[in-house]
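>>> sharing a model prediction with you, sequence too.
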Amino acid sequence: MNDALYNLPNDVLIYIIAFLSVPDILLLRQTCKRFNTLTRLHIVWTNAFKLDILSNGYPAPIDDTDLEQRTLHSYRLTSRWLANSPLMPASETSFTGSPVSEIKFIPGRQHKWLLTVSKGTRSVLAIWDIVRRHKCSEWSPRGVPFTGVRLNTDTESEASIAVALDGSQRIALLHLDDDGTLREIHSFDIDLHLVTLTGDIMALSDDLSKTLIYNWRTDERAYLDEGDMQHGHCIQVIFTALTILVIRARSINLYTTLPFLHGQTHSPVASHSFRCVDGASATPTSVLIRSEIDNSWISGLDLFKLYSISSFPPTFTSEITSQCGSLQCTDVILGKCETAVWIRPYRVMTFPDQEHRETLMAAVFPGPLNPTAKPRVREVCPNPLNNWTALDYDEELGRIALGSGFGKITVVQL
């Protein structure tokens with residue numbers, strides 16, 4: 001141990017440690033008792049988190065109270081994305097319930113809850129404790145199937161989940177208690193499709209040309225009308241501080257944020273059309289479009305195109321191809337740090353020595369987790385049973401949830 005370093009005052013040492021990488025801080029901790037104590041101070045990990053994670057735009061959970069563990073987890077996950085090496089799961093957690101048609105990580109709440117939807121003779125919404133692999137509660141209106149389930153992006157909101165009910169044209173709002181139980185707090189009748197829930201504000205669509213922005217607590221509303229453009233069903237509505245983005249199967253429409261909901265109808269300030277797509281996922285800054293390549297010479301491939309939507313019209317940034325085919329789950333999910341996951345179908349026409357199984361895929365596009373000019377695509381894990389029916393992705397924690405038609409639920413940790 002260097003005596004000159006050891007004898008420095010704490011405030012000077014804390015300043016010096018701020019220039020160390022996360023692995024070097026952990027190595028310094030092992031040298032002596034004083035540095036062991038010093039490197040456990042909150043200020044040390046505040047600096048490390050700001051300088052090593054936030055300033056580089058790396059993924060990190062924002063509501064984890066243990067700052068050291070948050071920093072270590074983010075650093076490890078980031079290192080895996082940055083390394084041009086296989087992305088095998090660090091761990092897998094599995095448990096079994098009813099056949100799964102939808103699966104979603106519930107944001108916040110210490111990242112412990114998972115939601116599944118089963119649609120059989122009756123629709124059932126279930127809440128699972130991921131760590132304990134235990135079902136905490138179920139919610140199911142008798143004889144009424146679900147047509148949509150959306151989680152509230154505001155983790156502090158009273159309405160945790162919105163459920164659209166078929167036949168009755170009703171939307172039920174549920175609150176998730178801290179023990180994992182569900183209770184209905186409000187419902188209303190409306191003949192529109194549920195798209196997004198953010199705080200007290202909902203986006204609903206007629207799947208033609210209109211989107212309703214509705215405050216369920218005050219009953220205030222406004223309409224977004226896309227006019228004569230090619231439309232397609234509404235995939236996603238994203239609220240930002242200044243804009244509202246409406247993503248449909250064939251178009252993206254940009255609106256200014258509505259300061260008041262007084263029943264007025266608004267037209268988009270900018271629009272962009274796509275050819276018909278098979279899937280899409282958007283963040284406030286990017287949209288990933290999935291479509292089959294329209295070329296008879298190279299048929300059998302899906303094309304994933306990433307566009308920046310920081311300005312209009314959207315700007316093409318990069319693309320990848322992936323084998324296409326029959327799938328029970330066609331979702332593609334894009335994260336804010338330009339990583340994406342999807343399921344690649346099994347090969348139908350293959351040679352005897354090739355594997356007939358679908359595969360969980362991951363890609364990282366050029367950005368904070370990929371300093372190169374080209375996307376990187378990796379296989380994560382295969383599924384020989386070819387029965388995945390649902391997919392969700394938590395980029396901040398590097399977790400992927402998979403549901404199967406046999407009821408098996410798997411949480412993959414990258």
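Nice, thanks for sending it over.
>>> please count neighbours and contacts with C-alpha atoms only from this point.
Fine.
>>> send me the lengthiest helix in the chain as CSV with only the CA atoms.
As assigned by DSSP state H, the longest helix anywhere in the chain is helix 67-82. The C-alpha trace of helix 67-82 is given here as CSV (Å, rounded to 0.1, in the frame of the first residue of the first chain):
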residue,chain,number,x,y,z
LEU,A,67,-27.0,2.9,-5.5
GLU,A,68,-24.0,0.6,-5.3
GLN,A,69,-25.9,-2.4,-6.6
ARG,A,70,-27.6,-0.3,-9.2
THR,A,71,-24.3,0.8,-10.5
LEU,A,72,-22.7,-2.6,-10.4
HIS,A,73,-25.7,-4.2,-12.2
SER,A,74,-25.7,-1.5,-14.9
TYR,A,75,-21.9,-1.8,-15.4
ARG,A,76,-22.1,-5.5,-15.8
LEU,A,77,-25.0,-5.4,-18.2
THR,A,78,-23.4,-2.6,-20.2
SER,A,79,-20.2,-4.6,-20.5
ARG,A,80,-22.0,-7.5,-21.9
TRP,A,81,-23.7,-5.4,-24.6
LEU,A,82,-20.4,-3.6,-25.5
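>>> test my guess that Asp206 contacts His193.
Yes - applying Cα atoms under 8 Å as the test, Asp206 and His193 come out as touching, 6.2 Å apart.
>>> okay, these two: which has more neighbours?
His193 (22 against 14; other Cα atoms under 10 Å).
>>> what residues are bridge-paired with the more buried one?
Ser205 (DSSP bridges).
>>> I'd say it and Ser205 touch.
Yes - in this structure, His193 is within contact of Ser205 by Cα under 8 Å, at 5.1 Å.
>>> low-confidence stretches in the stretch 1-150 of the chain?
Along the stretch 1-150 of the chain, the model assigns pLDDT under 70 to residues 1-2, 64.
>>> show me where it has helices.
Taking DSSP state H, counting those that start in this stretch, the helices of the stretch 1-150 of the chain run over residues 3-6, 10-17, 22-29, 33-38, 42-48, 67-82.
>>> could I get these as CSV with mean neighbour count?
CSV is the format used below for those (neighbours: other Cα atoms under 10 Å):
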stretch, mean neighbour count
helix 3-6, 10
helix 10-17, 14
helix 22-29, 16
helix 33-38, 14
helix 42-48, 18
helix 67-82, 18
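>>> separation between Asp3 and Cys32?
From Asp3 across to Cys32, the span is 12 Å (Cα to Cα, to the nearest Å).
>>> show me the chain divided up by domain.
Structurally, the chain divides into domains by automatic domain parsing as follows: 3-82, 91-136+276-413.
>>> what's the closest of those domains to His233?
Among the domains of the chain, the nearest to His233 by Cα to Cα is domain 91-136+276-413 (10.6 Å).
>>> now the end-to-end length of the closest one.
First residue to last in domain 91-136+276-413 (Cα to Cα) measures 5 Å.
>>> next: stretch 164-182.
16 Å.
>>> what separates it from the chain centre, distance-wise?
From the chain centre to the centre of stretch 164-182 is a distance of 21 Å (Cα atoms, centre = their mean, to the nearest Å).
>>> please identify the buried residues of that stretch?
By 16 or more other Cα atoms under 10 Å, the buried positions in stretch 164-182 come out as 164-166, 170-176, 180-182.
>>> what's next to it, contact-wise?
109, 113, 127-129, 136-139, 144-149, 158-163, 183-194 (Cα atoms under 8 Å, 6 or more residues apart in numbering).
>>> among those residues, which ones are buried?
Buried among the contacts of stretch 164-182 (16+ other Cα under 10 Å): 113, 127-129, 136-139, 144-149, 158-163, 192-194.
>>> in contact with the residue nearest to Thr410 when sequence neighbours are not counted, which residues?
Sequence neighbours aside, Ser94 is the residue nearest to Thr410 in space, at 4.4 Å (criterion: Cα to Cα, 6 or more residues apart in numbering). Ser94 sits next to Arg133, Lys408, Ile409, Thr410, Val411 when contact means Cα under 8 Å, 6+ apart.
>>> at 7 Å instead, please
Lys408, Ile409, Thr410, Val411 (Cα atoms under 7 Å, 6 or more residues apart in numbering).
>>> how much space between the second one and His186?
From Ile409 across to His186, the span is 30 Å (Cα to Cα).
>>> which residue packs closest to Lys336, ignoring adjacent ones?
Thr283 (5.8 Å).
>>> what of Ala126?
Nearest to Ala126 is Glu138, by Cα to Cα, 6+ apart, at 4.4 Å.
>>> which residues touch that neighbour?
Val124, Leu125, Ala126, Ile127.
>>> repeat that with 10 Å
Leu115, Thr116, Val117, Val124, Leu125, Ala126, Ile127, Trp128, Gly180, Thr181, Leu182, Arg183 (Cα atoms under 10 Å, 6 or more residues apart in numbering).
>>> could those residues go into JSON lines alongside distance to Asn370?
What follows is the contacts of Glu138, written out as JSON lines (distance: Cα to Cα, whole Å):
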{"residue": "Leu115", "distance to Asn370": "31"}
{"residue": "Thr116", "distance to Asn370": "32"}
{"residue": "Val117", "distance to Asn370": "34"}
{"residue": "Val124", "distance to Asn370": "40"}
{"residue": "Leu125", "distance to Asn370": "37"}
{"residue": "Ala126", "distance to Asn370": "37"}
{"residue": "Ile127", "distance to Asn370": "35"}
{"residue": "Trp128", "distance to Asn370": "34"}
{"residue": "Gly180", "distance to Asn370": "37"}
{"residue": "Thr181", "distance to Asn370": "40"}
{"residue": "Leu182", "distance to Asn370": "40"}
{"residue": "Arg183", "distance to Asn370": "43"}
